[in-house]
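Q: coords please:
(one chain, ligands or ions: 1)
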Amino acid sequence: MPTPKDPNPYTAMTRANEQGALEAESHASERVNAVPMKITFEFTGDCNLHCFFCDCEFGRNEFRKKGVHKFAMDETLFRSMAETAFPHVTVVNPTVIGEPLTFPYFDLMLEYAERFDVKLEIVTNGMLLKKQRLERMMPLLDRLIMSFDGGTK
Ligand code: SF4
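A: The predicted structure follows:
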C-alpha cells in the first residue's frame, strides 16, 4: 500500500494514456494509441426511487414481472472490470440509468478509484448522499451532478 509520500504508480499509466489520446487528437490521427480517457459503465441499473414518469423504472418493472430483482453487477465481475480499466482511464462514470449510490460495492469502487488514481463522475438523485459519504467522495470526484425532477408543479 503506497504511503502518502509515495507517488501513485498508476498515475504514470493514466498520464501516458492521456498523452497517447491527446496526441492522436492534436494530429487528427485515425489511429489512437490509447484507450478512452473516460469510460461510462453500468455497474448498477437499480434505483432507490420509483418515479412514475421514468422510462428506466418502466424497464425495471418489466424485469421484476419476470422475477428479476437484481440490477447490480456482481462483485467478481465489478472487480475484474475495474482492475482492467481503472489503471488507464482518467474518469469513470459508474452508471448510465442506475442510481450509483445504490451500488452495493460503492465503497469498494471508491477504494479502487483511489488506488488507481481515477476520478469519478457521479450522476445522482442525491437522496442517499449523506455527509460522511460525500466527504469520502469529494477528493475522488471529477464531477457531481445532482438530478432533480418532479411529476407535479
Ligand atoms: S430517480 Fe431518476 S432513475 Fe430513479 S426512478 Fe426517478 S427518474 Fe428514474
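
Q: give the contact list for the residue nearest the centre of the chain.
A: To find the centre residue of the chain, average its C-alpha atoms and take the closest one (CA atoms, centre = their mean): that gives residue 94, at 2.1 Å. Residues in contact with residue 94, defined by CB atoms under 8 Å, 6 or more residues apart in numbering, are 40-41, 43-44, 100, 103, 109, 120, 122. No exception for glycine: its C-beta is placed from N, CA and C like everyone else's.

Q: quick one, what contacts residue 114?
A: In this structure, residue 114 makes contact with residue 140, judged by CB under 8 Å, 6+ apart.

Q: can you give me phi and psi for it?
A: Backbone geometry at residue 114, expressed as degrees, to the nearest 10, gives phi -70, psi -50.

Q: that one and residue 29, how far apart?
A: For residue 114, the distance to residue 29 equals 33 Å [CB to CB, to the nearest Å].

Q: now residue 20
A: Using CB to CB, residue 20 is found at 10 Å from residue 29.

Q: who has more neighbours out of these two?
A: residue 20 (16 against 10; other CB atoms under 10 Å).

Q: helix or strand right after the helix ranked longest in the chain?
A: Here the longest helix in the chain is taken by residue count, with DSSP state H as the criterion, and it is helix 9-26. Towards the C-terminus, the helix or strand next in line after helix 9-26, according to DSSP states H and E, is strand 38-40.

Q: so what strands line up beside that next one?
A: Within its sheet, strand 38-40 is paired with strand 91-93 (parallel), according to DSSP bridges.

Q: beta-bridge partners for residue 38, please?
A: According to DSSP bridges, residue 91 are recorded as the beta-bridge partners of residue 38.

Q: where along the protein do the strands fall?
A: Secondary structure of the chain by DSSP state E: the strands cover 38-40, 91-93, 119-124, 141-146.

Q: show me which residues of this structure sit near the ligand.
A: Taking CB under 6 Å from any ligand atom as the criterion, the chain approaches the ligand at residues 47, 49-51, 54, 56-57, 99, 125, 149.

Q: okay, residue 54: pLDDT?
A: Per-residue pLDDT puts residue 54 at 88.

Q: how far away is it from residue 99?
A: Counting by CB to CB, the gap between residue 54 and residue 99 amounts to 11 Å.

Q: now for those two: what residues contact both?
A: With the criterion set as CB under 8 Å, 6+ apart, the overlap between the contacts of residue 54 and residue 99 is residue 47.
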